[in-house]
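A.B. asks: I need the structure of the sequence given here:
(chains A and B)
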Amino acid sequence: MAQYLRQRITASLPVIVGVSMLVFLMLHLVPGDPVMLLLGEHSAVDKTALERLRATLGLNDPLPVQYGRFVWRALHGDLGRSIRLNLPVTELVIQALKPTASLALAAMALAMAGGLLLGVVAAVHRGRLLDNLAMFFGLIGVSMPSFWLGFLLIFLFSVRLGWFPAIGQGGWNRLVLPALALSLAPLAVLARLVRSSMLEVYRQPYVTTARAKGLTERVVVYHHALRNALVPVVTLVGLEFGRLLAGAFVIETVFSRVGLGRLAITGILNKDFPVVQGVALLVAVIYAGINLLVDLSYAYLDPRVRYA
Amino acid sequence: MSGHVRLAALGLVIFALALSTGTSVLAQGPSPQTGGTLVYGIRQEPSTTDPHGSAAAVAQRVLASMYDSLVFMTPRGQILPWLAESWEVTPDAKIYTFKLRRDVKFHDGTRFNAAAVKFNLDRILDPATRSTSAISALGPYARTEVVDEFTARVVFKESYAPFLYAASTAFLGIVSPAAARRWGVDFVKHPTGSGPFKFESMVPADNITMVRNAEYRWPPKGFFKNTGPAYLDKVIVKTIPEASTRVATLQNGETNAIEPVPEKDVASLAHSKGYRVLKAPYPGGPRMVFLNTKKFPTDDLAVRRAILYAFNADQMVRTLLFSVHTAAKTPLTPGSVGYDKSLEGMYSYDPEKAKSLLTEAGWTPGADGIRTKGGRRLVMEQHIIANVGQEGPSEFLQGQLRDVGIQADIKSLARGAWYEGINRGDHNLVPLFYIYGDPDLMRGLYHSARIPFNWSHVSDPTLDRDLEEAYRSADINKRIPIYRRVQRRVMELALLLPLYNEFNLVGIRAEVRGMLFDPTAYPLFYDVWIEKK
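C.D. replies: From the prediction side, this is the model:
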């Protein structure tokens, strides 16, 4: 096990370095001058002042020099300072990580709970009204844009009913609406997968055996069928988690939450290189970590899988 | 000293054009109550808490509360004393001598004096400050001389008439020298000024929170009702990028003021009980489109003039902007210093005139209605920034130009790529919005030395000469006639197409009282108070 972990972590390193290089190159290939972008839409600025600022920020150096500087500093735990805000990137990223993590985890928890429930209900009642209702709900979930759902939730629960605040982070009541909005799409995808995976398992001989032994339907469904149906579901959860981080940007903007998504997109639009590189690096690490967890969980779910 | 023009501090009316109705809203009725919090929801994040750093215009919302400036400018262009009690300017506008207040204390307890002025202006030039807006506002700055403890003399390398305006902006706000020295690059985390509000905390991308400065006794003289500490306990400036969410927070009470209110929501908010929409006119240039004089086919004067005749600004304001803003007809907005009303009728909407101008110039309609001349089609490119609201006006313009036989394609780009393209001159038409409280802004737009920022890419000796002459005189009464000449010339050359005069639209809950605006239409929180029910 320890050896497997060591191998996997070593294998993740080239991925992370590759991501950082790609992001760096892409950012510099996209046209646009970060210093011009500092100024916003309406401003009167002197050309020579801009030129001097560009030099101060080291933006006139050749790309390999700039990349080298980034790597050298990153190895020392320093991700540089944001061009736009003049604040340390490490602080910005850490500040944004917590609200994004709680949003993504809450949304994933909702999606898994809801997806399992709907999927199991649909599979158990295959072809009947409950199945059709659950799958109809699933269809709505995958088709409805999350930002639109976000606005609807704000209008209903925040403006009309006044149950939850519309914006900000901190406290569970500020997490409910954005997590709901973000969870619907993965919830629907999971529900459909759980249903088909369950139906697949239902056809397996061991389910028939379990029933023949006289076990109650509840034990058959939850102990024998569901556990085995979960292996493909867990893979999907890992993949959906990546999508969730991407979707978090939209939701973070709609609900005005601090977060990695918003930090990244503001960074990209303003060509704030250090910020984008910092976020990309962190997300690459998180994503590699989640994939590792997914692989490890197979062993728990399926006794045939062993890592040595 | 005999050669100096002595400017009476109070009563120097630079310009007193009556503002259009409903533009300035003063608190009336009950007297102000102390206490309460203003939560001000705003579209863009204030980029910095350091006035001299890389401050974009939006940062003024917080900077103007935490820092005081040497002078104050009213929305009517009147310069009032603030940290400077009085000042003298040489007629060539090269040397400005300020007599300073003696009772001003920074938030860290240190005293304000002439050495602080010198430290501040010199600090802007230091590359480590990473200055963008402040260094531009400082113009051809040479040095500051400390004449005595409370007299500072600011010397420029050449004439710089707009300096009093520049000195009134938050970008030239005065920071505590002790704090700036102590914190260095981390000053942004410990911003220290002498303003009516003190910095409390900041969460990037979320909010900046400020609390009342209980010792404040030195507001600008003659503009605010208040003369002591601010009424509000606290001001939270909160970033809410989504327009619909912003409106929702005003309705559910999470904010009690928002900026801007989307045009489509203005009427419904203004007519609902419990809300008001304040409108403050932006000074400077209107929303406008620059016509590139160096690129085919807008290098043809007849084509440029035809564009101005073919565009119906009134209709656009009615259909696209819910009549919230007003149609623009000239290079400056109506409240701006130097506005020339006589230019309003110069290009009245007249599509027939546009067509005949084009026909006379040899542009004849082709089979598909688009005109051609010498085998070349009358096709041009509008370069716009994607997703910042420029699509509507561009499409509207596109339709109207199509009616007279001009094809105006829209190229929608990310801001960075957009900047690069227009600085190269790839565009025929490009929209711009330019907020500035002094008509010298036209030097930035039309002087040949400002290419590529001069997006018409025009180099016209007459314009250059006039713009320089106006810039060199300290006497606004001498400058204004020159700026009128400049505006006429700009319109004759059809360098820009004025679209609409924009207002800053601030939505407030009815309990928010006393909000005033500075000359650039940004809100001032010093006089604001919350009415308790």
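A.B. asks: for the residue in the stretch 51-200 of chain B positioned nearest to chain A, the count of nearby residues, please.
C.D. replies: The minimum distance from the stretch 51-200 of chain B to chain A, using CB to the nearest CB, falls at residue B:56 (3.5 Å). Heads up, the C-betas are built off the backbone N, CA and C, glycines and all. Residue B:56 sits with 22 neighbouring residues when counted by other CB atoms under 10 Å in any protein chain shown.
A.B. asks: kindly report the same for residue B:489.
C.D. replies: Around residue B:489 there are 18 residues (other CB under 10 Å).
A.B. asks: right, and chain A sits closest to which residue of the stretch 401-533 of chain B?
C.D. replies: Closest point on the stretch 401-533 of chain B to chain A, by CB to the nearest CB, is residue B:416, at 1.6 Å.
A.B. asks: so which elements touch whichever strand or helix holds that residue?
C.D. replies: Taking DSSP states H and E as the criterion, residue B:416 maps to helix B:415-424. On a contact count with 3 or more CB pairs under 8 Å, 6 or more residues apart in numbering or on different chains; DSSP states H and E, helix B:415-424 meets helix A:34-37, strand B:379-385.
A.B. asks: related to what we said a few turns ago, quick check: the residue of the stretch 51-200 of chain B closest to chain A touching residue B:170?
C.D. replies: No - counting by CB atoms under 8 Å, residue B:170 is not a contact partner of residue B:56; they are 11.5 Å apart.
A.B. asks: using CSV, lay out the helices and strands packed on helix B:415-424 together with mean neighbour count.
C.D. replies: Shown next, in CSV, are those (neighbours: other CB atoms under 10 Å in any protein chain shown):
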stretch, mean neighbour count
helix A:34-37, 21
strand B:379-385, 21
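A.B. asks: could you dump these to CSV with mean pLDDT and distance to residue A:74?
C.D. replies: As requested, the helices and strands packed on helix B:415-424 are exported to CSV (pLDDT from 0 to 100; distance: least, CB to CB, whole Å):
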stretch, mean pLDDT, distance to residue A:74
helix A:34-37, 75, 19
strand B:379-385, 95, 32
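A.B. asks: okay if I get the ones you listed as TSV plus distance to residue B:194?
C.D. replies: Shown next, in TSV, are those (distance: least, CB to CB, whole Å):
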stretch	distance to residue B:194
helix A:34-37	30
strand B:379-385	37
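A.B. asks: quick one: which of the ones you listed is nearest residue A:28?
C.D. replies: helix A:34-37 (10.3 Å; CB to CB).
A.B. asks: thinking again about what came up before, what pLDDT is listed against the residue of the stretch 51-200 of chain B closest to chain A?
C.D. replies: Per-residue pLDDT puts residue B:56 at 75.
A.B. asks: what are the phi and psi angles of it?
C.D. replies: The phi/psi pair for residue B:56 (degrees, to the nearest 10) reads phi -90, psi 170.
A.B. asks: and it, how far from residue A:38?
C.D. replies: Using CB to CB, to the nearest Å, residue B:56 is found at 7 Å from residue A:38.
A.B. asks: can you list residues touching both of these two?
C.D. replies: B:47, B:132 (CB atoms under 8 Å, 6 or more residues apart in numbering or on different chains).
A.B. asks: just checking, residue A:103 touches residue A:178?
C.D. replies: Yes - Residue A:103 lies in contact with residue A:178 (CB under 8 Å); the separation is 5.8 Å.
A.B. asks: in chain B, what residue sits furthest out from the centroid?
C.D. replies: residue B:367 (45.2 Å; CA atoms, centre = their mean).
A.B. asks: up against chain A, what does the stretch 51-200 of chain B have?
C.D. replies: B:53-54, B:56-58, B:127-128, B:130-133, B:135-137, B:185, B:188-189 (CB under 8 Å from any CB of the partner chain).
A.B. asks: make a PyMOL selection of the buried ones in the residues you listed.
C.D. replies: Restricted to buried positions by 16 or more other CB atoms under 10 Å in any protein chain shown, the PyMOL selection for these reads:
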select buried, chain B and resi 53+54+56+57+58+130+131+132+133+135+136+137+188+189
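A.B. asks: and the pLDDT for the residue farthest from the centre of chain B?
C.D. replies: 91.
A.B. asks: give me the number of residues near the residue of chain A found nearest chain B?
C.D. replies: With CB to the nearest CB, the shortest gap between chain A and chain B falls at residue A:32, namely 1.6 Å. Residue A:32: 21 surrounding residues under other CB under 10 Å.
A.B. asks: now do the same for it: helix, strand or coil?
C.D. replies: Following DSSP: H, G, I helix; E, B strand; the rest coil, the label given to residue A:32 is coil.
A.B. asks: give the contact list for it.
C.D. replies: Residue A:32 neighbours (CB under 8 Å, 6+ apart): A:271, B:414-417, B:419-420.
A.B. asks: could I get those as a markdown table with distance to residue A:18 and pLDDT?
C.D. replies: Output for the contacts of residue A:32, formatted as a markdown table (distance: CB to CB, whole Å; pLDDT from 0 to 100):
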| residue | distance to residue A:18 | pLDDT |
| --- | --- | --- |
| A:271 | 21 | 82 |
| B:414 | 25 | 85 |
| B:415 | 28 | 82 |
| B:416 | 25 | 82 |
| B:417 | 26 | 85 |
| B:419 | 30 | 84 |
| B:420 | 28 | 84 |
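A.B. asks: buried subset of those?
C.D. replies: Buried among these (16+ other CB under 10 Å): A:271, B:414-417, B:419.
A.B. asks: in CSV, list those residues along with distance to residue B:386.
C.D. replies: Formatted as CSV, those follow (distance: CB to CB, whole Å):
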residue, distance to residue B:386
A:271, 15
B:414, 6
B:415, 8
B:416, 11
B:417, 9
B:419, 13
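A.B. asks: any idea how many residues pack against residue 125?
C.D. replies: No chain was given, so I picked chain A. 14.
A.B. asks: not what I meant, chain B
C.D. replies: Neighbour tally, residue B:125, other CB under 10 Å: 16.
A.B. asks: ok, now residue B:411?
C.D. replies: 18.
A.B. asks: now swap in residue A:303 and tell me
C.D. replies: Residue A:303 - counted by other CB under 10 Å - has 7 other residues nearby.
A.B. asks: so is it in a helix, a strand, or just coil?
C.D. replies: Applying three-state DSSP: residue A:303 is coil.
A.B. asks: can you report phi and psi for it?
C.D. replies: Dihedral angles (degrees, to the nearest 10) for residue A:303: phi -60, psi -20.
A.B. asks: relative to residue A:223, how far out is it?
C.D. replies: Taken as CB to CB, the span from residue A:303 to residue A:223 is 14 Å.
A.B. asks: kindly report the same for residue B:78.
C.D. replies: Residue B:78 is 82 Å from residue A:223, by CB to CB.
A.B. asks: so the two - more neighbours on which side?
C.D. replies: Shown here are residue B:78 and residue A:223; by other CB under 10 Å, residue B:78 has more neighbours (18 against 13).
A.B. asks: may I have the phi/psi pair for the more buried one?
C.D. replies: According to degrees, to the nearest 10, residue B:78 has phi -80, psi 130.
A.B. asks: need the pLDDT of it.
C.D. replies: Reported pLDDT for residue B:78: 89.
A.B. asks: what's the answer for residue A:240, then?
C.D. replies: pLDDT, residue A:240: 81.
A.B. asks: so it makes contact with residue A:111?
C.D. replies: Yes - assessed by CB under 8 Å, residue A:240 is found in contact with residue A:111 at 7.2 Å.
A.B. asks: you'd agree residue A:132 is in a strand?
C.D. replies: No - assessed with three-state DSSP, residue A:132 is helix; it does not lie in a strand.
A.B. asks: helix or strand right after the helix or strand harbouring residue A:209?
C.D. replies: Following DSSP H and E, one finds residue A:209 within helix A:205-212. Once the chain leaves helix A:205-212, the next helix or strand it forms, by DSSP H and E, is helix A:217-219.
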